[in-house]
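K.L.:
Everything below, folded, please.
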Amino acid sequence: MKPILISVPSFSRQTPSNLKIGRFRYQKEAANEKEENSDERVKWKIGRFLYQKEESNEVEEMDERIWNRIPEDMMIRVLSSLPITVILRSTLLSKSFKSIISSSYFLKLNSELSPNTHQPWLLFINRNLADSFLAYDPCLNKWIDLSFRFLQFLVRPITAGDGLICLLYGTQSSFGLCICNPISKSFNIIPLPVIPFCQFYTFSGLFVDRITGIFRLVLFVIRPISVGPEQFLLFTEVYDSQTQLWTLVKRFPVSRPLNPSKTISNGVMYCILKRFPVSIAAFNIQTMEWVMLEAPVPHSVTLVRLMDHNGMLVMIGGFRTELLIDEIGIWELDNSSKNWKRIGWIPKEVCDLFLMSATRSLSCIGHGDLIYFTTMGCPFLIMYDISRKHLKVIDPSPRLSDPQYHGSQGFCFEPRLSH
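P.N.:
You can find the predicted model right below:
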């Protein structure tokens, strides 16, 4: 089952007059489509069966006599290429499926899959501690309840990285930090930093080594100082899961406060400094040092956001005309020339359909190939696929009307079976 998508040109400004965004529905692949070989026919039938079970929300035992005739190597390849939620449900359908999915070989194969197979979820965070949060799965075009009830305490996600989520738990008088994989339901309570977290640190980032599972949690905050052209200092502390120790990093002076928008790409965390002109601070996890990124942002770009696109740093921003956003541009950083190369755009005709507030302001969150756009007053979300250059409308979950989600924030989460 594939979503119907709208193709958006990325370099030409010639926009088809009939370009519209409507509501999109899943459509079944044609059953009479000819397959190239018998392997592909088997894969298609297995995938269709599991998707139908996911859609019907039913769990039925499969006939072992049928599934035992399928070669195990083919079964592993098929299962490993399915969305995470479908894989998890598959463990309830067959004993052989459960055995395959629990094997170390399957977990390794699944973790090595291309990002196109396991696309990042959009995780919404409400203002309160809770035991579950709302997430959108783009592979299934489905809102799901991402549960943390197995932890047996209330939590609030603060950052995520490659299958892991850093959680703040407890109350104002008693709190702690936890690194958790909500898919495998594994977690580690980590010691608090040297400087009290809730009273000081306001930003965070999570670096994860996909092969070893070793992670580093970065907590940082910016504080004003009284003298000098650089009027603020960045205080940073890093926790290493291998040594289980916190390390204080050398303070870094900056001229302006930080914007909450940040991203991690290829071992470096990038943070935007507020106010014009837009500038970017970068923290290298290997050298444990901050530097200013020497890549000037075009002056006509506003509301800048950053994301990782398969190891490359990508910038999203709006073009203003008379203080209003007309178009949205997407750029990729050329590491050799330190220039921003335009790789996509969302034209005015599309922006007019979902930038409904008086200021036409927007917020966006992205990772991998996907960018999610939201804006005040718009009853739906927009998802843009960078590689395919497609737009898609996402109907919001009814839970977003709950007052606890008003003014909510979010980030992308890459679901993983391992770690």
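
K.L.:
Just the strands from the stretch 151-300 of the chain, written as ranges.
P.N.:
Taking DSSP state E, counting those that start in this stretch as the criterion, the stretch 151-300 of the chain contains strands spanning 155-161, 164-170, 175-181, 186-190, 203-208, 215-224, 232-240, 245-254, 258-265, 268-273, 279-284, 289-292.

K.L.:
For residue 415, which of those is the nearest?
P.N.:
Distances from residue 415 to each of those were compared using Cβ to Cβ; the shortest belongs to strand 175-181, at 8.8 Å. For the C-beta atoms, the positions are set from N, CA and C on the backbone; glycine is no exception.

K.L.:
For stretch 175-187, which residues meet the burial criterion?
P.N.:
Judged by neighbour count (16 or more other Cβ atoms under 10 Å), stretch 175-187 contains these buried residues: 177, 178, 179, 180, 181, 182, 183, 187.

K.L.:
ditto for stretch 339-348
P.N.:
In stretch 339-348, residues buried by neighbour count (16+ other Cβ under 10 Å) are 340, 343, 344, 345, 346, 347, 348.

K.L.:
okay, among those residues, which ones form the most distant pair?
P.N.:
Distance extremes for the buried residues of stretch 339-348: the farthest pair is 340 and 348 at 20.8 Å, using Cβ to Cβ.

K.L.:
quick one: the residue nearest to residue 281 when sequence neighbours are not counted from residue 77, how far?
P.N.:
With sequence-adjacent residues excluded and distances taken as Cβ to Cβ, 6 or more residues apart in numbering, residue 281 is closest to residue 271, at 4.9 Å. When Cβ to Cβ, to the nearest Å is applied, the distance between residue 271 and residue 77 equals 40 Å.

K.L.:
list the contacts for residue 383?
P.N.:
Under the criterion of Cβ atoms under 8 Å, 6 or more residues apart in numbering, the contact partners of residue 383 comprise 138, 370, 371, 372, 373, 391, 392, 393, 394.

K.L.:
Who does it form a beta bridge with?
P.N.:
Beta bridges link residue 383 to residue 372, residue 392 when assigned by DSSP bridges.

K.L.:
Which segments of this protein make up each domain?
P.N.:
The chain resolves into domains spanning 27-111, 121-413 when parsed by automatic domain parsing.

K.L.:
Tell me where the model's unsure across the stretch 151-300 of the chain.
P.N.:
Screening the stretch 151-300 of the chain residue by residue with the criterion pLDDT under 70, one finds the ranges 171-173, 195-201, 226-230.

K.L.:
thinking again about what came up before, more neighbours: residue 271 and residue 77, which one.
P.N.:
A direct count of neighbours by other Cβ atoms under 10 Å for residue 271 and residue 77 places residue 271 higher, at 24 against 14.

K.L.:
Burial check on residue 294, number of neighbours?
P.N.:
Around residue 294 there are 9 other residues, counting by other Cβ under 10 Å.

K.L.:
which residues does it contact?
P.N.:
Residues in contact with residue 294 (Cβ under 8 Å, 6+ apart) are residue 338.

K.L.:
now do the one 4 residues further on
P.N.:
Residue 298 makes contact with residue 340, according to Cβ under 8 Å, 6+ apart.

K.L.:
distance of it from residue 270?
P.N.:
In this structure, residue 298 and residue 270 are separated by 17 Å, where distance is defined by Cβ to Cβ.

K.L.:
Equivalent analysis for residue 241, please.
P.N.:
Counting by Cβ to Cβ, the gap between residue 241 and residue 270 amounts to 22 Å.

K.L.:
try residue 129
P.N.:
Shown here: residue 129 relative to residue 270, a distance of 29 Å by Cβ to Cβ.

K.L.:
Does residue 135 touch residue 124 like I think?
P.N.:
Yes: the pair residue 135 / residue 124 is scored as a contact, 7.0 Å apart, by Cβ atoms under 8 Å.

K.L.:
circling back to that earlier point, just the ones in helices from the buried residues of stretch 339-348, please.
P.N.:
Judged by DSSP state H, the subset of these located in helices is residue 348.

K.L.:
what ranges do the helices span in the stretch 51-200 of the chain?
P.N.:
With DSSP state H, counting those that start in this stretch as the definition, the stretch 51-200 of the chain shows helices at residue ranges 64-67, 72-80, 84-90, 95-102, 104-111, 197-200.

K.L.:
okay, those in JSON lines with distance to residue 332 next?
P.N.:
Output for the helices of the stretch 51-200 of the chain, formatted as JSON lines (distance: least, Cβ to Cβ, whole Å):
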{"stretch": "helix 64-67", "distance to residue 332": "44"}
{"stretch": "helix 72-80", "distance to residue 332": "29"}
{"stretch": "helix 84-90", "distance to residue 332": "27"}
{"stretch": "helix 95-102", "distance to residue 332": "36"}
{"stretch": "helix 104-111", "distance to residue 332": "26"}
{"stretch": "helix 197-200", "distance to residue 332": "34"}
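
K.L.:
Quickly compare those and say which is most buried.
P.N.:
Per-residue neighbour counts averaged over each of the helices of the stretch 51-200 of the chain give the maximum for helix 84-90, namely a mean of 19 (mean count of other Cβ atoms under 10 Å).

K.L.:
name the helices or strands packed onto it?
P.N.:
Helices and strands touching helix 84-90, by 3 or more Cβ pairs under 8 Å, 6 or more residues apart in numbering; DSSP states H and E, are helix 38-56, helix 72-80, helix 95-102.

K.L.:
which helices and strands does the last one pack with?
P.N.:
Translated: helix 95-102. Packed on helix 95-102, when contacts are counted by 3+ Cβ pairs under 8 Å, 6+ apart, are helix 64-67, helix 72-80, helix 84-90.

K.L.:
do that again at 7 Å, thanks
P.N.:
Contact here means 3 or more Cβ pairs under 7 Å, 6 or more residues apart in numbering; DSSP states H and E; on that basis helix 95-102 packs against helix 72-80, helix 84-90.

K.L.:
For those, give me a markdown table that also has mean pLDDT.
P.N.:
Compiled in a markdown table, those are given as follows (pLDDT from 0 to 100):
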| stretch | mean pLDDT |
| --- | --- |
| helix 72-80 | 77 |
| helix 84-90 | 81 |
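
K.L.:
looking at those helices, which is closest to residue 257?
P.N.:
Go through these one by one with Cβ to Cβ and the one that ends up closest to residue 257 is helix 84-90, at 37.3 Å.

K.L.:
just how off-centre is the closest one within its chain?
P.N.:
Put simply, helix 84-90 sits 19 Å off its chain's centre (Cα atoms, centre = their mean, to the nearest Å).
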